[in-house]
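Engineer: Turn this into a structure:
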Amino acid sequence: MKLRQARVGQLGQGSATGVETPGQRLGRQAEELARRRLQYRGLLLLQCNYRAPGGEIDIIARDGDTLVFVEVRCRSSGAVGGAAGSVDARKRARIVRAARHFLCAGGAAWEQSPCRFDVVAVEGLRWRWIRGAFDAAGRV
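Structural biologist: Numbering: from 1, shown residues only. Sure thing, here's the model as predicted:
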C-alpha cells in the first residue's frame, strides 16, 4: 500500500493522506484513456498535468505544427450538460491562463506555433474529442 500512496502523491493526485478517491481514480483513468487515444490519432504528447499559478492543463501535445492544450472531463453519464458542458467560463479562463504561462516559460520555442484548445469528454463508455472547443479568449 505504501508504494501506491507514494505514486499517487508523485502524480499530484489524491488527498493529503495520499489515498485516491473514487472520483479522482475515475478522472485519472479518463486522462490515461485520452492520452492513449490522442497518441493513436497522431498527437505527440509533450506534457501531462502542467501546473501553473492559477490553472492546470491536463495534456499538452503537438498536432502537426499546432500546439494543443487539452482539458479532459469525465462524467458517469451525459445527463445535466455532460462532461463537455462542465468546462465553464471560469474553467476555460484557468486553462488559458496556464497555457499563457506555458508559452512564456517556453520562450522562443513556441513563439511561431499556432495554438488550439481541445476538450476530451468521457461519459460512461463514450469518448469524444472536441477540437477547437474554445479560443484563447475563452469563447466557445
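
Engineer: any idea which residue sits dead centre in the chain?
Structural biologist: Taking CA atoms, centre = their mean, the centroid of the chain lies closest to Asp58, which sits 2.3 Å from it.

Engineer: doesn't Cys74 make contact with it?
Structural biologist: No: counting by CB atoms under 8 Å, Asp58 does not reach Cys74; the two are 10.5 Å apart. Every C-beta, even on glycine, is put in place using the N, C-alpha and C of the backbone.

Engineer: Which residues are in contact with each of these two?
Structural biologist: Contact criterion CB atoms under 8 Å, 6 or more residues apart in numbering; residues shared by Asp58 and Cys74: none found.

Engineer: my guess is the residue nearest to the centre of the chain is in a helix, correct?
Structural biologist: No: assigned with DSSP: H, G, I helix; E, B strand; the rest coil, Asp58 falls outside any helix and is strand.

Engineer: tell me the contacts of it?
Structural biologist: With contacts defined as CB under 8 Å, 6+ apart, Asp58 is in contact with 31, 34, 48-49, 70-72.

Engineer: With adjacent residues omitted, what lies nearest to it?
Structural biologist: In this structure, Asp58 finds its nearest non-sequential neighbour in Val72, 4.5 Å apart by CB to CB, 6 or more residues apart in numbering.

Engineer: May I have the residues that are in contact with the one you found?
Structural biologist: Counted by CB under 8 Å, 6+ apart, Val72 has contacts 27, 30-31, 34, 58-59, 119-120, 122.

Engineer: got JSON lines for these, with secondary structure too?
Structural biologist: Formatted as JSON lines, the contacts of Val72 follow (three-state DSSP):
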{"residue": "Gly27", "secondary structure": "helix"}
{"residue": "Ala30", "secondary structure": "helix"}
{"residue": "Glu31", "secondary structure": "helix"}
{"residue": "Ala34", "secondary structure": "helix"}
{"residue": "Asp58", "secondary structure": "strand"}
{"residue": "Ile59", "secondary structure": "strand"}
{"residue": "Val119", "secondary structure": "strand"}
{"residue": "Val120", "secondary structure": "strand"}
{"residue": "Val122", "secondary structure": "strand"}
